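Engineer: Predicted coordinates and the sequence they were generated for:
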Amino acid sequence: MPMKTIKEEVIDLLTKTVKLSREDLAELLETPSDSKLGDLALPCFHLSKTLKKDPKTIASEIREKIKLPKGLIREVKATGPYLNFFFEEAKLAESTLKRIWKEREGYGYKRRLNKTVVVEFPAPNTNKPLHLGHLRNMSLGESVSRLLETQGYRVVRVNLNNDRGVHICKSMLAYKKWGDNKEPDKKSDHFVGDFYVMFSQKAKEHPELEREIQEMLIAWEAKDPETIGLWRKMNCWALDGFNETYKRFGVSFDKVYYESRTYEKGKEMILEGLKKGIFYKDESGAILADLGELGKKILLRADGTSVYITQDIYLAKLKYDEYHYEKSIYVVASEQNYHFRVLFKILKMLGFKFADKCYHLSYGMVYLPSGRMKSREGSVVDADNLMDELDGMAEKEVRKRHKLKETEVKNLSEKIGLAALKYFLLRCSANKDFVFKPEESISFEGDTGPYLQYSLVRAKKIQQKAGTKPTVSIDFTLLNKPEEIALIKRLGEFPGILEKTAGSYSPHILTEYAFKLATLFSQFYEGCQVIAAESEELKKARLLLVNSYYHVQKSCLNLLGIEEVGIM
RNA sequence: GGGCCCGUGAUGUAGUCCGGAUAGCAUAAUCGGCUUCGGACCGAUAUACGAGGGUUCGAAUCCCUCCGGGCUCGCCA
C-alpha cells in the first residue's frame, strides 16, 4: 500500500483554501525551475483568469489564508505569481527512504490491474537479416512493455513474421537460380539476405525476372510443393538467425504469428466485406476499400493474391479473440503511419469495436550519413555487426582498466556495449528521425548507458565494503547536506516518473530521469564519504541512502533493458 | 500537388500536447579538481529556440505565411 506522497499533502492543504479540484491541483502543481525557490509550486496565472485578479496578489492572499500543519511542509512562500512550498527535509527523507526500503524492487510499481496490453514488435521480413532500425524498434518495444508492467498491466509481447510476399520470393528465386543448393556458410539469416541483394542486382540487367517473381508468388499461394519446400528451408534459416539476434539483444516473445498462416483468413474477411457491400470490386477485378479522405486502398489483387494489409486485418481480430486486450500497440516505423491509419479505419468499417484500442507506436527513421538504409543495395547497418563493433569498443576500454580472464572480458564488454547501444536508441523521443554516425554516435561517457552502469557499480561497492547491512533505524536529520537532500528528492519522484513514462510510451523520459539521478549520486559520492563518515550514525544514514539509490537506479536500468555489471 | 512528421549552442538533444520564474542536459572546446567508498568521475567558462507576421500582460510552446529536411499518397512489406 503506497504511502501518501508530499504532493498529496500539499493538495490536502490547498483544497481548503483554493477553489480547485484535486485533479486540477495535481495537474497545476509543478517543480520549480530552481530548487532554491521551493520544492513544489502552484502557479497562480490560471486562477487569475477566474478570480480576475493579479496572480501576484492571489499568491499572497492564499499564503495568508493557509494554516501550516505540523508535518512534511516546512514553509509556504508567495514569490511573485507563484506559491512555493518547502518541505521538512528530515521528514521527506524518512518517508521516501522508508518507502523504498519497504517496497524494494517494487518501488513505484502499481498494483495488478487484470488488464492485458499486446505489444507487437519487431515484425521482420524473413528475407534479410535485422538491421539498426530493428534494434531501435526492439529497444522501444521491450522498454514500453516493461514500463506498462510497472503500471499493473499484463503485457503480451508478440512478434509477427512477415514471411510471405514478393520480397520473400526475391531471395528465393535468386537462391533457386544461383544458389547451387548450398547450405549456409555464415549466420543463416545473413546467408538468405545475400540472395535478396543478389536478386536486386540481377534484376537491374534482367527486368524479366520481375515477372518470374509474380509467377512464384502465385505458385506459392497455390501451394506448389517445390516452391513451398524452398520457402520452408529459407525461412528456417532466416528465423534461426533472428532468434540468435533476439537472444543476444535480450528480447523474447510470448507469442509469434506468421503472415503465411493468417493471410488466407484475411482474404476471407475481405470477401465477406465485399458481400456485405463494405468493399467493392473495380473493372480489373481487384477488391478495394473507399476510405473517404484517406483515398482508396487495394485489399486483394485481381489475380486473387493478397497484399500486406490483408493479413493485418485478420491478425488484429485474432489478437483480440485471443487476449481481449485493453490496448494493442504496434511498434512500427513512421514510414507506415499511413498504413496504420488505413488499417484502423478498415477495422472500423468492418464494425470491430476493438479498432479504438489499437495504437500505432510510431518511431522515426534511422539514416546513415549517406542517406536512407537500403537492404536491397546492401547499404544497411547490420544488427549483428553493430553489436560486434560496440563490444569491440567496450572491450578496448575494459582492457585498458582491468586485467581479467578472457571470458570475463568478453562478458563484461558485451554488457557494456549493449548498454551504450540501447541507451543511445532510447534517449531521444521516439518520433524523431536520426542520423547514425558510427564513430560519433556511441560514447561511453556522459549521458550514456555505461555511465549509469558505472554509478551502480560505485553504489554496490560501497555497500560491499561498508561491513554492515543497511537499516532504516537511522537518524534522518543527519541527511542534511545539499547533495543528500537533492538525491533524496529525486528518488521520491520515481513513482510519478514511471507513471508519466509508461502513460506516454516514452522511455526517453526515463533515460533523462536515470541520468539525472546518476549525476546526483556522483555529486553525493564526491561530497559525502560513506564508509569514512564522521560518525557511525552518519555512516548508517548514508548507507541507507546508497542502498535506496541502488534499488531505484537498478529499476531504471532494468526498464531500459540494460544489465547491471559487477565491475567496470 | 494532398496528408503527416521534424527544424533549439560547433554537434546530439530535453522542453512544444496543456503558453508563465534566469530555455535544461550531454559531447566536443578552454580552464580547474580529485585519483579518496574505483577517474567510464566532479566543478567552472563560452556558445542556441529556421524566418516573418499575428493572438496575449507574457510565445521555443497557440494561429497564419514562408524557408529547409524527411516519410507517405489502391495492387512493396
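Structural biologist: Received the coordinates, thanks.

Engineer: Report the distance from the lowest-mean-pLDDT helix or strand in chain A to the chain centre.
Structural biologist: When each helix and strand of chain A is scored by mean pLDDT, DSSP states H and E, helix A:438-441 comes last, with a mean of 76. When distances are taken as C-alpha atoms, centre = their mean, to the nearest Å, helix A:438-441 is centred 22 Å away from the chain's centroid.

Engineer: Check whether that helix comes close enough to RNA strand B to count as a contact.
Structural biologist: Yes: under the criterion of C-beta under 7 Å from any atom of the strand, helix A:438-441 makes contact with RNA strand B via A:Glu440. C-beta coordinates here come from the backbone N, C-alpha and C atoms, glycine included.

Engineer: other SSEs contacting the following helix or strand past that helix?
Structural biologist: Tracing the chain past helix A:438-441, the next element assigned as helix or strand by DSSP states H and E is helix A:449-466. Counting by 3 or more C-beta pairs under 8 Å, 6 or more residues apart in numbering; DSSP states H and E, the packing neighbours recorded for helix A:449-466 are helix A:406-426, helix A:507-527, helix A:536-560.

Engineer: by contact count, what packs against the second one?
Structural biologist: If I follow you right, that is helix A:507-527. In this structure, helix A:507-527 packs against helix A:132-150, helix A:406-426, helix A:449-466, helix A:482-492, helix A:494-503, helix A:536-560, with contacts taken as 3+ C-beta pairs under 8 Å, 6+ apart.

Engineer: Output those as TSV; include the columns mean pLDDT and distance to A:Ile567.
Structural biologist: TSV is the format used below for those (pLDDT from 0 to 100; distance: least, C-beta to C-beta, whole Å):
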stretch	mean pLDDT	distance to A:Ile567
helix A:132-150	97	25
helix A:406-426	95	7
helix A:449-466	96	6
helix A:482-492	94	23
helix A:494-503	95	26
helix A:536-560	96	15
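
Engineer: Of the ones you listed, which is nearest RNA strand B?
Structural biologist: Across the helices and strands packed on helix A:507-527, the minimum distance to RNA strand B, taken as C-beta to the nearest atom of the strand, is reached by helix A:449-466, at 3.4 Å.

Engineer: what does the closest one contact?
Structural biologist: The list of residues contacting helix A:449-466 from outside it, by C-beta atoms under 8 Å, 6 or more residues apart in numbering, reads A:394, A:415-416, A:418-424, A:444-445, A:470, A:514-515, A:518, A:521-522, A:525, A:530-531, A:539, A:543, A:546-547, A:549-550, A:553-554, A:556-557, A:560, A:562-568.

Engineer: If you count neighbours, what's buried in that helix?
Structural biologist: For helix A:449-466, the neighbour count (16 or more other C-beta atoms under 10 Å) marks A:449-456, A:458-460, A:462-463, A:466 as buried.

Engineer: circling back: deepest of the helices and strands packed on helix A:507-527, which one?
Structural biologist: Comparing the helices and strands packed on helix A:507-527 by mean neighbour count (mean count of other C-beta atoms under 10 Å), helix A:132-150 ranks first with a mean of 24.

Engineer: After that one, heading C-terminal, what element do we hit next?
Structural biologist: Where DSSP H and E defines the elements, the next helix or strand beyond helix A:132-150 is strand A:154-161.

Engineer: Run the chain-centre distance for the helix or strand following that next one.
Structural biologist: Of the helices and strands lying after strand A:154-161 in sequence (DSSP H and E), the nearest is helix A:166-178. Shown here is helix A:166-178, whose average C-alpha point lies 35 Å from the average C-alpha point of the whole chain (C-alpha atoms, centre = their mean).

Engineer: Tell me which helix or strand comes right after helix A:166-178.
Structural biologist: Tracing the chain past helix A:166-178, the next element assigned as helix or strand by DSSP H and E is helix A:188-205.

Engineer: got a list of contacts for that following helix?
Structural biologist: Under the criterion C-beta under 8 Å, 6+ apart, residues A:126-130, A:167, A:170-175, A:178-179, A:184-185, A:209-210, A:234, A:236-242, A:245, A:375-378, A:382, A:384 lie in contact with helix A:188-205.

Engineer: for stretch A:255-267, same thing?
Structural biologist: Counting by C-beta under 8 Å, 6+ apart, residues outside stretch A:255-267 touching it are A:156-165, A:300, A:304, A:306, A:310-315, A:318, A:322.

Engineer: Sort out which of the residues you listed are buried, if you could.
Structural biologist: Neighbour counting with 16+ other C-beta under 10 Å marks A:156-165, A:300, A:306, A:310-315, A:318 as buried within the contacts of stretch A:255-267.

Engineer: filter those residues down to the ones close to RNA strand B.
Structural biologist: When these are filtered against RNA strand B using C-beta under 7 Å from any atom of the strand, the residues retained are A:Asn162, A:Arg164, A:Gly165.

Engineer: Tell me the residues of the stretch 151-300 of chain A that contact RNA strand B?
Structural biologist: Residues of the stretch 151-300 of chain A found near RNA strand B, taking C-beta under 7 Å from any atom of the strand as the criterion, are A:162, A:164-167, A:259, A:282, A:284, A:286, A:288, A:295-298.

Engineer: hmm, try it at 10 Å
Structural biologist: A:160-170, A:210, A:213-214, A:217, A:259, A:263, A:280, A:282-291, A:293-300 (C-beta under 10 Å from any atom of the strand).

Engineer: Pull up the gap between the residue of the stretch 201-350 of chain A found nearest RNA strand B and A:Asp290, please.
Structural biologist: As assessed by C-beta to the nearest atom of the strand, RNA strand B sits closest to A:Ile298 within the stretch 201-350 of chain A, at 2.3 Å. For A:Ile298, the distance to A:Asp290 equals 12 Å [C-beta to C-beta, to the nearest Å].

Engineer: Looking at these two, which is more packed in?
Structural biologist: Relative neighbour count places A:Ile298 above the other of A:Ile298 and A:Asp290, with 16 against 12, counting by other C-beta atoms under 10 Å.

Engineer: Quick one, grab the pLDDT at that one.
Structural biologist: As predicted, A:Ile298 sits at a pLDDT of 95.

Engineer: Quick check: next helix or strand after the one helix or strand it maps to?
Structural biologist: Per DSSP H and E, A:Ile298 falls inside strand A:296-300. Stepping forward along the backbone from strand A:296-300, the first helix or strand reached (DSSP H and E) is helix A:308-323.

Engineer: Next, the angle from that following helix to helix A:166-178.
Structural biologist: Angle, helix A:308-323 to helix A:166-178, by axes from the mean of the first three to the mean of the last three C-alpha atoms, to 10 degrees: 110 degrees.

Engineer: Touching helix A:308-323 from outside, list them.
Structural biologist: Contacts of helix A:308-323 (C-beta under 8 Å, 6+ apart): A:116, A:118, A:120, A:156, A:158, A:160, A:162, A:165, A:255, A:257, A:259, A:262-263, A:265-270, A:297, A:299-300, A:325, A:328, A:339, A:342-343, A:346-347, A:350, A:352, A:354-355, A:357-358.
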